[in-house]
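A.B. asks: quick one: sequence and predicted model below, then my questions.
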Amino acid sequence: MKDAWLEFDREHIWHPYSPSVAPLPPLPVARALGVHITLTDGRDLLDGMSSWWSAIHGYNHPELNHALKQQLERMAHVMFGGLTHQPAVELAQTLLQLAPKNLAHVFFADSGSVAVEVAMKMAIQCWAGRGYPEKHRFLTVRHGYHGDTFGAMSVCDPINGMHHLFQKVLVPQLFAMAPPLVNDADQSTALEDFARLLHQHHASIAAVIIEPLVQGAGGMRIYSADYLAAVAKLCKTYEVLLILDEIATGFGRTGTLFAVEQAQVEPDIMCVGKALTGGYLSLAATLASHAVAESIDRSESGALMHGPTYMANPLACAVANASIDVLCKSPWQQQIRDMELQLERELAPCKCLPIVADVRVKGAIGVVELAGEQLPEGLQQALVAEGIWLRPFRNLVYMMPPYLILPEELSVITGAVCRVLQQYSEKF
């Protein structure tokens, strides 16, 4: 009966993007420490995913554990409606110190998707407060991903994304050509398409929403800071707000604390999440400029109309404060730079494989794009057999390891990827 809980899991529990009947069996985890995930059968896997990009300090970090235990003795939760507490205030202060200087207000949310929903509400209410309620649509780009809730889904790629089944019930938005990859020769066509849509529809557009520099779950696409800077300039020209979704890119992943720094622009609204708590608890935040907040206050409701039950949960805020402190005290810039150079060097042999279409690296992100539209059967199991944990999707094998991974540990991951893809190349 020792595996009865796994049988229950198989028969009754949904996992992300998995069927309820006859799903692929998930690997049972016994514990996790540092960059190691230990399965119940004793196997040890090196983590190349940071638990969907959130556990940037690895697992079971002593300083983060201590922050949680300390806060637990004070209070685990208290509603944020009509009340406040020091962990939330400290976190808001820190975020505003680190974020682009024009951002002045913080709204705490439960998750990244909810932070995007809040950002979209902010944009709509902002224009309503300014006397332009007709500005309620959003312009974004192909291959984007912003979450799984309905507002967020409406600005995800409607064709190449994960939510095409829901297109008939989603609010129609505007989609420009995807940003060209950073090494593409032609950088002008996509911007011309973006400018054309803004010119035609700016009177009805509340905001542009885009992931800065790296499009995550929509394709792991890396584009230039110049493109983002041009988008920001167009937003100012046509008087639409700019929302930057830094949920996946924030807190050092691309080599700067926030990816937007590399384009030297200031968004009107910015979303953060994932790595915010170091992977410990679900928490996100939407930051806005004073001009946006002031306009929302002038709207009909007189307040931003959103209020999650677990908004600014004290445990989550406390561990977020600890996580940011650990990050800022560490040599993270050098760690990311070293990881970038190592990923570029050690993934380079994959470029010669016939099943590989592209290899790209940005900061602590390594991506191997396969030539087909789907992953070869059994690829993830082959990677697990090599002793590493990655979660490839579609035709992408990508890695986003914790920042504290040692060079020799990262070599285990890159070496396994190269070997497995070499084996599959020989088969096909």
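C.D. replies: Great, that's in hand.

A.B. asks: beyond the helix or strand encompassing residue 30, next helix or strand please.
C.D. replies: Using DSSP states H and E, residue 30 sits within strand 29-33. Using DSSP H and E, the next helix or strand after strand 29-33 towards the C-terminus is strand 36-39.

A.B. asks: residues contacting the strand holding residue 30, please?
C.D. replies: When contacts are defined by Cβ atoms under 8 Å, 6 or more residues apart in numbering, strand 29-33 is touched by residues 37, 38, 39, 40, 47, 58, 59, 60. Any C-beta I mention is one placed from the backbone N, CA and C, and that applies to glycine too.

A.B. asks: mind doing that once more with 6 Å?
C.D. replies: Residues outside strand 29-33 that contact it (Cβ atoms under 6 Å, 6 or more residues apart in numbering): 37, 38, 40, 59, 60.

A.B. asks: the fourth one: neighbour count?
C.D. replies: The local packing count at residue 59 equals 22, with neighbours defined by other Cβ atoms under 10 Å.

A.B. asks: identify the bridge partners of it.
C.D. replies: In this structure, residue 59 bridges to residue 34 when assessed by DSSP bridges.

A.B. asks: what's the separation between it and residue 402?
C.D. replies: Distance, residue 59 to residue 402, using Cβ to Cβ, to the nearest Å: 8 Å.

A.B. asks: so residue 139, which state does it fall into?
C.D. replies: Three-state call for residue 139 (DSSP: H, G, I helix; E, B strand; the rest coil): strand.

A.B. asks: give the contact list for it.
C.D. replies: The contact partners of residue 139, by Cβ under 6 Å, 6+ apart, come to 174, 197, 205, 208.

A.B. asks: what's the answer for residue 395, then?
C.D. replies: Residue 395 touches 370, 372, 373, counting by Cβ under 6 Å, 6+ apart.

A.B. asks: identify the farthest-apart pair in the contacts of strand 29-33.
C.D. replies: The distance between the two most remote of the contacts of strand 29-33 (Cβ to Cβ) is 16.8 Å, for 40 and 60.

A.B. asks: pretty sure residue 125 is in a helix, no?
C.D. replies: Yes - counting by three-state DSSP, residue 125 is part of a helix.

A.B. asks: hmm, it is touching residue 301, no?
C.D. replies: No - with contacts counted by Cβ atoms under 6 Å, residue 125 stays clear of residue 301, the gap being 7.2 Å.

A.B. asks: who has more neighbours out of these two?
C.D. replies: Between residue 125 and residue 301, residue 125 has the larger neighbour count (other Cβ under 10 Å), namely 27 against 11.

A.B. asks: how near is the residue nearest the centre of the chain to residue 273?
C.D. replies: Centroid-nearest residue in the chain: residue 248, 2.1 Å away (criterion: Cα atoms, centre = their mean). As defined by Cβ to Cβ, residue 248 lies at a distance of 8 Å from residue 273.

A.B. asks: same deal with residue 322?
C.D. replies: To residue 273, residue 322 is 17 Å away according to Cβ to Cβ.
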